[in-house]
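Q: okay, here's the prediction I keep looking at, along with the sequence it came from:
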Amino acid sequence: MRLLISFAALFLAVVLLQLGSGGVAPLDAISGASLGFSTEQLGLLGSAHFLGFFIGCWWAPRLMGSVGHSRAFAAFTAAGTIGILAHMLIVDPLAWSVMRMASGLCVAGCYTIIEAWLQDKVTNATRARAMGVYRVVDIAGSLGAQLMIGVLEPASYVSYNLLALLCCCAIFPLTLTRSEAPPTPLAPRLRPGLAWRKSPLASMGVVVSGVTGAAFRMVGPVYGLEVGLGADLIALFLAAYVLGGAVAQIPVGWLADRYDRRSVLIWISVAGIFACGATIALAASGISGVFAAAALFGFATLPVYSISTAHAHDYAEPQERVELSAALMFLYAVGAIASPYVASLVIEHFGPEAMFVMIGIAHAGLIVFGFARMRVRPSQTRTAYTYEPRTSFLIGRLLRRDRTGE
């Protein structure tokens, strides 16, 4: 309990940040559609978010070194708040793309600072418990953000103002806490080639995870509108996806720790293709079928990132783990930046089901590559499967003990 109380400010900041910034993507998709934005323009908003996210991951450790944790957190939160508030002042897709870059910058920067703060305060004895609560808080905040969309009016200043207020409120827990700010962490070196050298399959896996997750989160609301869901039902549609992915972590983790991780990754990709087909097939079967398909899609696709990172860390030395996590995050961002825009193009030209065809093709490619890699070298399992949030380049430091058990 003392541990939870000491981290209360950090966890409260995570919840407020998720509620404020996490609802922008689906609200933008619904609002843009009501304002007459094309599907291609809506996809561009999602890609802009992940471009800002990548910049924030890279810049945050350096800004912390210049002005400190609390001031850097306030700066990133202010950028996100401005990006949200400005939406209804300038109703233009290109202007919104710049605003979404500000939101992505805010999310990445704030998570980097929160995780650096956590890293300094935890010990080997408390790391697992702290990370467990952190993951639960993060998932709960994400679910809450999706559900809020059901009560927010699209293209309304009030709706964006409410999200901006929540995002701005995230400043208070960290700036008013009496806990002493930690020393500035060293920024991990960004070496994408390290991930490929350790595991080409893991590298491809995180790229496919970026393609899948970014397309669904950023363009999924457009799909929901195309198949006849209202704003309140789109909120439940996205929440079902997040909940399905959360439920999957325990059984998939059990399998990944007991069997060849490459086989588990291949089979979960097969399940992902099946989930894509089920989503298309159940689109006209009613609300319950659409929700069930979204939950199945989250169950089958969200664990891909964690399986891939676990497989990569099996071949890493302890001193390489932080930089490897940063390299894998970079590759995830590569897939995530391109995916929403490409998904919007295929939807615009071939219909809403085309997004899931695109995702299915990506997973099919991962399956073929996985079989090819199984013929190159034997597998090894030296680290534990860990649910790894895709939050910042510093997450590797927090997961050290989860990986090694030391």
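A: Cool, got the structure.
Q: so V357 makes contact with C276?
A: Yes: using CB atoms under 8 Å, V357 is in contact with C276, at 7.2 Å. Every residue, glycine included, has its C-beta placed from N, CA and C.
Q: neighbour count for those two, which is higher?
A: Per other CB atoms under 10 Å, whichever of V357 and C276 has more neighbours is C276, with 27 against 15.
Q: could you point out the helix or strand that follows the helix or strand where that one lies?
A: In the assignment (DSSP states H and E), C276 maps to helix 261-281. For helix 261-281, the succeeding helix or strand toward the C-terminus, using DSSP H and E, is helix 287-301.
Q: so where do the helices sit in the stretch 1-150 of the chain?
A: With DSSP state H, counting those that start in this stretch, the ranges of helices along the stretch 1-150 of the chain come out as 2-6, 8-21, 24-34, 39-67, 69-85, 93-121, 127-148.
Q: of the ones you listed, which is nearest G244?
A: The stretch from those with the least distance to G244 (CB to CB) is helix 127-148; that distance is 11.2 Å.
Q: rewinding a little: which residues are in contact with the helix holding C276?
A: Helix 261-281 has contacts (CB atoms under 8 Å, 6 or more residues apart in numbering) with 201, 205, 208, 212, 252, 255-256, 290, 293-294, 296-297, 299-301, 303-304, 307-308, 310-311, 314, 353, 356-357, 359-360, 363-364, 366-367, 370-371, 373-374, 379, 381, 385.
Q: can we see that at 6 Å?
A: If you take CB atoms under 6 Å, 6 or more residues apart in numbering as the criterion, helix 261-281 is touched by 205, 255-256, 293, 296-297, 300-301, 303, 307, 311, 353, 356, 359-360, 363, 366-367, 370, 374, 379.
Q: which of those residues are buried?
A: With neighbours counted by 16 or more other CB atoms under 10 Å, the contacts of helix 261-281 contain buried members at 205, 255-256, 293, 296-297, 300-301, 303, 307, 311, 353, 356, 359-360, 363, 366-367, 370.
Q: pLDDT of the helix or strand hosting H311, averaged?
A: Element membership of H311, judged by DSSP H and E, is helix 303-313. Averaging pLDDT along helix 303-313 gives 88.
Q: just checking, what packs against it?
A: The contact analysis (3 or more CB pairs under 6 Å, 6 or more residues apart in numbering; DSSP states H and E) places helix 303-313 against helix 200-226, helix 231-258, helix 261-281.
Q: can you name the next helix or strand after it?
A: As assigned by DSSP H and E, the chain's next helix or strand after helix 303-313 is helix 321-350.
Q: which strands and helices sit next to the next helix-or-strand element following that next one?
A: Where DSSP H and E defines the elements, the next helix or strand beyond helix 321-350 is helix 354-374. Counting contacts by 3+ CB pairs under 6 Å, 6+ apart, helix 354-374 is packed against helix 200-226, helix 261-281, helix 321-350.
Q: can you show me the CA trace of helix 354-374 as CSV?
A: These are the backbone C-alpha positions of helix 354-374, laid out as CSV (Å, rounded to 0.1, in the frame of the first residue of the first chain):
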residue,chain,number,x,y,z
ALA,A,354,-10.1,-3.6,-47.4
MET,A,355,-8.4,-2.4,-44.3
PHE,A,356,-8.6,-5.9,-42.8
VAL,A,357,-7.5,-7.4,-46.1
MET,A,358,-4.4,-5.2,-45.8
ILE,A,359,-3.8,-6.2,-42.2
GLY,A,360,-4.3,-9.9,-43.1
ILE,A,361,-1.7,-9.6,-45.9
ALA,A,362,0.8,-8.1,-43.4
HIS,A,363,0.3,-11.1,-41.0
ALA,A,364,0.5,-13.5,-43.9
GLY,A,365,3.9,-12.1,-44.8
LEU,A,366,5.0,-12.4,-41.1
ILE,A,367,3.9,-16.1,-41.2
VAL,A,368,6.0,-16.8,-44.3
PHE,A,369,9.0,-15.0,-42.8
GLY,A,370,8.6,-16.8,-39.6
PHE,A,371,8.8,-20.2,-41.3
ALA,A,372,11.8,-19.1,-43.2
ARG,A,373,13.6,-17.9,-40.0
MET,A,374,12.9,-21.3,-38.3
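Q: how far does that helix sit from its chain's centre?
A: Offset of helix 354-374 from its chain centre (CA atoms, centre = their mean, to the nearest Å): 20 Å.
Q: please apply the same query to stretch 37-49.
A: 17 Å.
Q: using PDB, write out every CA atom in it.
A: Extracted C-alpha coordinates of stretch 37-49, given in PDB (Å, rounded to 0.1, in the frame of the first residue of the first chain):
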ATOM      1  CA  PHE A  37     -13.100  15.100 -44.600                       C
ATOM      2  CA  SER A  38     -12.200  12.300 -47.000                       C
ATOM      3  CA  THR A  39     -11.000   8.900 -45.700                       C
ATOM      4  CA  GLU A  40      -7.500   9.700 -47.000                       C
ATOM      5  CA  GLN A  41      -7.400  12.900 -44.900                       C
ATOM      6  CA  LEU A  42      -8.600  11.000 -41.800                       C
ATOM      7  CA  GLY A  43      -5.800   8.500 -42.300                       C
ATOM      8  CA  LEU A  44      -3.300  11.300 -42.600                       C
ATOM      9  CA  LEU A  45      -4.300  12.400 -39.100                       C
ATOM     10  CA  GLY A  46      -3.400   9.000 -37.700                       C
ATOM     11  CA  SER A  47      -0.100   9.000 -39.400                       C
ATOM     12  CA  ALA A  48       0.700  12.500 -38.100                       C
ATOM     13  CA  HIS A  49       0.000  11.400 -34.600                       C
END
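Q: okay, buried residues for it please.
A: Neighbour count says stretch 37-49 has F37, T39, E40, Q41, L42, G43, L44, L45, G46, S47, A48, H49 buried, by 16+ other CB under 10 Å.
Q: which among those gets closest to G68?
A: In terms of CB to CB, no member of those lies closer to G68 than H49, at 26.5 Å.
Q: is that closest one in contact with M99, as I believe?
A: No: H49 lies out of contact with M99 (CB atoms under 6 Å); the separation is 9.6 Å.
Q: overlap in contacts, these two.
A: Both H49 and M99 lack any common contact, where contact means CB under 6 Å, 6+ apart.
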